[in-house]
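A.B. asks: Dropping a prediction and its sequence here:
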Amino acid sequence: MPDAGEQKTLWEVRKAGLNIMMSMKGDGKLVSFIEDCAVLLEHLAEYTSRLTEVFHRHGTEGTWYAHASVGTLQVRPILDMRRDGATKMRAIAEEAAALVRDYKGAFSGEHGDGLCRGEWVAWQYGPKLNEAFGEIKALFDPDNRFNPDKIVRSPKMDNACHFRFAPGYQERRMETALDWSAWNVERDPLTGSQTLPGSGNDLSGGLAKAVEMCNNNGHCRKSDAGTMYPSYRVTKDKQHLTRGRANTLRLAISGQLGEAGLASDDVKDTLDLCVSCKGCKRDCPTGVDMAKFKIEARAARVKRHGLRMRDKLVAFMPLYAATASRMPGLMALADSVPVVSAWFKRSVGFAPERSLPRFQASFLAGTVGRSDLPRAPR
């Protein structure tokens, strides 16, 4: 395949495969914790077969992706981390670790250890080297300030305080402005069968499950080609990432931001700089549509607090534009006289740097009924 365009298309198929897998609807999601296990190539087929049996024993299936040539397939089991996913994750990890040891492989082949795999470091390197890691860490970082508890003294992988979904997590019952039923489905991880839209158990009608499509992969932090995420590229504040906004929405939907929920100030502040470009829907591996979430959040806030004067002036401009155009001079005072302009903009909530629309009479208004104008041929 010498053609550069065909080569690019082929690699795009590879990228699309991961996106499709990560866009799985339903309660179960792909969870990364044993995807970095690596074994020698001559053992890979048998390891894969035995690991599949492990998944089936725990009532789930795994998704396989990439790197077979170096002995790792980046497998991700489908688990519901809001319910029994943590228990299954621990059991699967222990059995997978035993398999890796049998084949003299590595539990961390590429991605590293951290919170998820730190506790498995000791058996890979042995107690003597593991003790040396601790001593070196203590010498160079006696106060444990630099990336603490990732490899040395790392917590258990199923420590609930590190989960996105804390024990007892539950979305609140709510009436939504938009239809989210397409996400409110049940999916069997073993067979892949999916129920009809609206048949799931989401108390928010599918909104919570749509928000949970964000799996924290961090693709929205990229700074190369693509659209995501305009406001973050300017502010560098993680609150303005697709991920940051999805996490805020998740907290609101589960009642962790108070009784106001989607109408809270926290949600408003997080979404204010979203320009609704829908770049996230295209660029995000799971297709998170923040522009649509913003509509839902704005509707909730308006329902609770009503429309601001600024919103009314912008939304209802077509209704009063004809009247305003009959007195353009008077309307121009709101922008041309500094004292009046500052007072008006501050009163209605416009930025002082923003200029206001200039109204003028229709250029066709004086032509109605005139007989001296040329007529179009019939």
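C.D. replies: Yep, that arrived.
A.B. asks: residues contacting residue 47?
C.D. replies: Counting by Cβ atoms under 8 Å, 6 or more residues apart in numbering, residue 47 makes contact with 39, 99-100, 103, 105. No exception for glycine: its C-beta is placed from N, CA and C like everyone else's.
A.B. asks: helix or strand for residue 177, which one?
C.D. replies: Per DSSP states H and E, residue 177 falls between elements, in no helix or strand.
A.B. asks: Could you measure from it over to residue 255?
C.D. replies: To residue 255, residue 177 is 19 Å away according to Cβ to Cβ, to the nearest Å.
A.B. asks: In three-state terms, how would residue 78 be classified?
C.D. replies: What DSSP: H, G, I helix; E, B strand; the rest coil gives for residue 78 is strand.
A.B. asks: the helices in the stretch 101-250 of the chain, which residues?
C.D. replies: Remark: helices assigned in the stretch 101-250 of the chain by DSSP state H, counting those that start in this stretch are 114-117, 121-140, 207-211, 230-235, 242-253.
A.B. asks: Could you point out which of those helices sits nearest residue 341?
C.D. replies: Nearest to residue 341 among these is helix 230-235; the distance by Cβ to Cβ comes to 26.5 Å.
A.B. asks: looking only at pLDDT, what's the mean for that closest one?
C.D. replies: Helix 230-235 shows a mean pLDDT of 85.
A.B. asks: List the contacts of that helix.
C.D. replies: Helix 230-235 has contacts (Cβ under 8 Å, 6+ apart) with 220-221, 223, 238, 240-241, 244, 273-275, 277, 279.
A.B. asks: How about stretch 200-207?
C.D. replies: Contacts to stretch 200-207, defined as Cβ under 8 Å, 6+ apart, come from residues 26-27, 170-176, 179-186, 197-198, 208-209, 253, 296.
A.B. asks: Same list, the contacts of residue 47, but as TSV with distance to residue 216 please.
C.D. replies: Below are these laid out as TSV (distance: Cβ to Cβ, whole Å):
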residue	distance to residue 216
39	27
99	27
100	25
103	30
105	27
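A.B. asks: Could you dump those into a markdown table with neighbour count, pLDDT and distance to residue 71 added?
C.D. replies: Output for those, formatted as a markdown table (neighbours: other Cβ atoms under 10 Å; pLDDT from 0 to 100; distance: Cβ to Cβ, whole Å):
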| residue | neighbour count | pLDDT | distance to residue 71 |
| --- | --- | --- | --- |
| 39 | 23 | 93 | 5 |
| 99 | 20 | 94 | 13 |
| 100 | 24 | 93 | 11 |
| 103 | 18 | 94 | 9 |
| 105 | 20 | 91 | 7 |
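A.B. asks: wait, which of those is closest to residue 269?
C.D. replies: Nearest to residue 269 out of these is residue 100 (Cβ to Cβ; 45.3 Å).
A.B. asks: Settle this for me: the closest one is touching residue 109, isn't it.
C.D. replies: No. Taking contacts as Cβ atoms under 8 Å, residue 100 lies outside contact range of residue 109: 9.4 Å.
A.B. asks: shared neighbours of those two, anything?
C.D. replies: Contact criterion Cβ under 8 Å, 6+ apart; residues shared by residue 100 and residue 109: 37-38.
A.B. asks: so for stretch 240-248, what's the average pLDDT?
C.D. replies: pLDDT averaged over stretch 240-248 gives 92.
A.B. asks: Good, we can wrap up now.
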